[in-house]
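> A predicted structure for the sequence below; I have some questions about it.
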Amino acid sequence: MTIRSAMQEGYSLLYYAEVDTPLLDAIILLAETMHISKEKLYASFPDSLPPEFYAQYKERLKKRCEGIPVSYIINKKEFYGITFYVDERVLVPRPDTEIAVETVAGLVKENPGIHSVHDLCTGSGCIAISLKSILPRLEISASDISGDALEVCKMNCRNILEQEIPLYQSDLLENIPGKFDLIVANPPYLTGREVDEMKKIGWPEPVLALHGGKEGLKISEMIIKQSGRKIKPGGFLVLESAPPLMGILSDQLKDDGFERIGIVNDLAGRERIIHGRRK
């Protein structure tokens, strides 16, 4: 069997399994199985595919047909130009969350007094590690309620930064020492109904990283209330959330002593990031 034929077979299997991006997924899975780039894969289409690679490829296609995300199958996800290790212990980083990194970087540029930044609900560590990579002068720390997630974050710190940042296992800000110039978080913000629907179809990402309470607001509202005592006066809070929740979160930020409320749109033009400055 040629590499082209294997790719076409994978595309057909994923297409009839109603995978959203069957061609792209087939190409990624085949290239990863062969340990080559997508460009090298295209150039190798006429070549024969070794039987051992074909067997591994078929197993990966089977997992994808069962609904397992490509990132979990190959244990990697690119975020902000950096390759992160991911598995079922953490949420797969989304492109929209890159907007949170850009928002923090913009606030740091506009406010040179920002030195200490804490990433709450860190998961894989994608926000904290990306910020440390582009702004090494910052004092970055991170936390998560999940010890399993922190193990993944620690692994990514070692692989990407070649050093560890301070990590804390904590229910939001309860066990985090010190105060910060800025706190950033991508907390769970799906509604109870949305999580139930995902569970019904066997979605493999951890529910703990998705479920934001009945209306999707519970965790974000708790963060806003707790952050008043953990953010230095004049410091910032940056939150990712769902577009329908932005108005409520804006009102709560104002009620809890934040000013200069700003909202940043995601790649699709939807309101995705909200931030405010503590008075």
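All right, it came through fine. Numbers count the residues shown, from 1 in each chain.
> which strands border the one helix or strand residue 182 maps to, and is each parallel or antiparallel?
Element membership for residue 182, per DSSP states H and E: strand 180-185. Sheet pairing here is set by DSSP bridges, and for strand 180-185 it gives strand 116-120 (parallel), strand 231-240 (parallel).
> would you mind writing the CA trace of the last one as PDB?
When you say that, I think you mean strand 231-240. The C-alpha trace of strand 231-240 is given here as PDB (Å, rounded to 0.1, in the frame of the first residue of the first chain):
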ATOM      1  CA  ILE A 231      -4.700  41.400  43.300                       C
ATOM      2  CA  LYS A 232      -2.700  44.400  44.300                       C
ATOM      3  CA  PRO A 233      -4.400  47.800  44.000                       C
ATOM      4  CA  GLY A 234      -4.200  48.900  40.400                       C
ATOM      5  CA  GLY A 235      -3.700  45.300  39.300                       C
ATOM      6  CA  PHE A 236      -5.600  43.400  36.700                       C
ATOM      7  CA  LEU A 237      -7.900  40.400  36.300                       C
ATOM      8  CA  VAL A 238      -8.200  38.700  32.900                       C
ATOM      9  CA  LEU A 239     -10.900  36.000  32.300                       C
ATOM     10  CA  GLU A 240     -11.900  33.900  29.400                       C
END
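> can you point out the buried residues in that strand?
Under the neighbour-count criterion of 16 or more other CB atoms under 10 Å, strand 231-240 has 231, 232, 235, 236, 237, 238, 239, 240 buried. Backbone N, C-alpha and C define where each C-beta goes, glycine included.
> hmm, who's touching the strand holding residue 182?
By CB atoms under 8 Å, 6 or more residues apart in numbering, the surrounding residues in contact with strand 180-185 are 100, 104, 107-108, 111, 113-121, 127, 131, 173, 220, 223, 227, 230-232, 235-240.
> whichever of these end up buried, select them in PyMOL.
Listed next is the PyMOL selection for buried residues among these, using 16+ other CB under 10 Å:
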select buried, resi 100+104+107+108+114+116+117+118+119+120+121+127+131+173+220+223+227+230+231+232+235+236+237+238+239+240
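> ok, the residue nearest in space to the middle of the chain to residue 101 distance?
Nearest to the geometric centre of the chain sits residue 93, at 2.4 Å (CA atoms, centre = their mean). Per CB to CB, to the nearest Å, residue 93 is found 10 Å from residue 101.
> and for residue 122?
13 Å.
> average pLDDT for stretch 132-139?
If you average the pLDDT over stretch 132-139, you get 97.
> start and end of that stretch, how far apart?
Across stretch 132-139, the terminal residues are separated by 8 Å (CA to CA, to the nearest Å).
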